[in-house]
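In: Build the 3D model from these lines:
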Amino acid sequence: MLIRFYRNSHPSSFFTIPFIALLCWVPFIFLRPQTFIVQIPDAMTLYEWLYAGISRLHVWVQFAISWLLVSIQAIYMNQLIVKHEFFPKLSFLPALIFVTFSVLFPEMMMIQPMLFINLILLMVLDKIFLLYKNPEPLRKVFDASFLLAVATLIDSSALAFYFFLLLAMVILLPFYWRVWVISLIAFVLPYYFLSVYFFLTDSLSSFWLQKIPHAFRFIQFVPPHLKPLQIATLCVLLLIFIFSVYSVSKYFYRSIIRIRRYFQLIFLFIVFALLSLLFNRTISLQSICILTIPLSVFLSYFFLQVKRKVFAEISFFLLVVFIILVRLG
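Out: Numbers count the residues shown, from 1 in each chain. From the prediction side, this is the model:
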């Protein structure tokens, strides 16, 4: 029923997205946790500042911040897909799927670095898609590189996406040396501004000699400790994702070249998202939030294109059932 409702472009679908997201936050009100923000040991500077400010707020305000971030990201991603004409027709399915993935596990709903980085990555993707056959790409490249540098100051794992940007430039643009120089300058600028601040506060050496080397290092792979229901949920999600990739490949060459390039970039986004996990101290359910964007694109495309609508409804229903079972477990 939900899939059929959000497949259409009725305006009411758009306004119900924040309400559906809010329903997923309601159970936490009864649990009454002391805090709804994750403290990261040796976190990057911007997240330390965010944590210092948000952790002082009432837990209900923290709920609201988390809910608003997810709702804004879901709507933004849907508008991004419509703007760049990913799908053959207007649909609000991407927003629905994004919210569903964002609440997949309770750990993913808490305020943590990936919640902010996802919003930045959506802005970066918007800039990247505008590079296709753009005769003046310098401003878009500058903006995307600058945003990714800011993301690395929230969590060092976002560094992988700067290499994703460089690869996107190779795919979408002819080689211009000025574009690459502008990208490097833009990526360095946030670190320069932050260095000036730390110089004035007499803490420059601790930032560059302690914080940065400790943040940008590869992990010893520590897999997350998952419960049986969480494993089952991930297996269902993986199965649906395989079907969605098959659906995209089936219609791939029927799309115009621009859309093919965009889907190639989304698939590469998954690859670099997995590589970004190498910069996390441990692999956790919170760190896999970074996969929410590409998985939402692929699965919403699959639900939109599948001919047997009942199969789409059943698949989504099973996913929702497992999410509820995980909460009850």
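
In: Just the helices from the stretch 151-300 of the chain, written as ranges.
Out: Assigned by DSSP state H, counting those that start in this stretch, the helices in the stretch 151-300 of the chain fall at 160-172, 177-200, 204-206, 212-215, 228-250, 257-276, 292-305.

In: Pull out the buried residues from the first one.
Out: The neighbour-count criterion (16 or more other CB atoms under 10 Å) identifies 160-162, 164-165, 168-169, 172 as the buried residues of helix 160-172. The way it works is simple: take the backbone N, C-alpha and C, and place the C-beta from them, glycine included.

In: The longest one now?
Out: Using 16+ other CB under 10 Å as the test for burial, helix 177-200 gives 179-180, 182-183, 186-187, 190-191, 194, 198.

In: burial of residue 323, as a residue count?
Out: Residues lying near residue 323 (other CB atoms under 10 Å) number 20.

In: average pLDDT across stretch 14-21?
Out: Stretch 14-21 comes out with an average pLDDT of 82.

In: Any chance you could list what contacts it?
Out: Where contact means CB atoms under 8 Å, 6 or more residues apart in numbering, the residues beyond stretch 14-21 that reach it are 67, 70-71, 74-75, 78, 92, 95-96, 99, 102-103.

In: Try it again at 7 Å.
Out: For stretch 14-21, the external contacting residues (CB atoms under 7 Å, 6 or more residues apart in numbering) are 67, 70-71, 74-75, 92, 95-96, 99.

In: Skip the chain neighbours and tell me the closest residue to the residue most central in space within the chain.
Out: Central residue of the chain (CA atoms, centre = their mean): residue 118, 3.4 Å from the mean position. The shortest distance from residue 118 to any non-neighbouring residue, by CB to CB, 6 or more residues apart in numbering, is to residue 73 (5.7 Å).

In: Compute the inter-axis angle for the helix or strand that contains the one you found and helix 257-276.
Out: Assessed by DSSP states H and E, residue 73 sits inside helix 59-83. Orientation check (axes from the mean of the first three to the mean of the last three CA atoms, to 10 degrees): helix 59-83 against helix 257-276 gives 150 degrees.

In: as a whole number, average confidence for the helix or strand following helix 59-83?
Out: Past helix 59-83, heading to the C-terminal end, the next element that is a helix or strand (DSSP H and E) is helix 93-102. For helix 93-102, the mean pLDDT works out to 88.

In: Repeat that for stretch 66-76.
Out: The predicted model gives stretch 66-76 an average pLDDT of 93.

In: for that stretch, which positions count as buried?
Out: Neighbour-count burial for stretch 66-76, with 16+ other CB under 10 Å as criterion, is recorded at 66-67, 69-71, 73-76.

In: What of stretch 143-163?
Out: Buried residues in stretch 143-163, counting neighbours by 16+ other CB under 10 Å, are found at 143-162.

In: ok, residues contacting that stretch?
Out: By CB under 7 Å, 6+ apart, the surrounding residues in contact with stretch 143-163 are 44-47, 113-114, 116-117, 120-121, 123-124, 127-128, 165, 183, 186-187, 189-191, 194, 215-216, 272, 275-277, 279-280.
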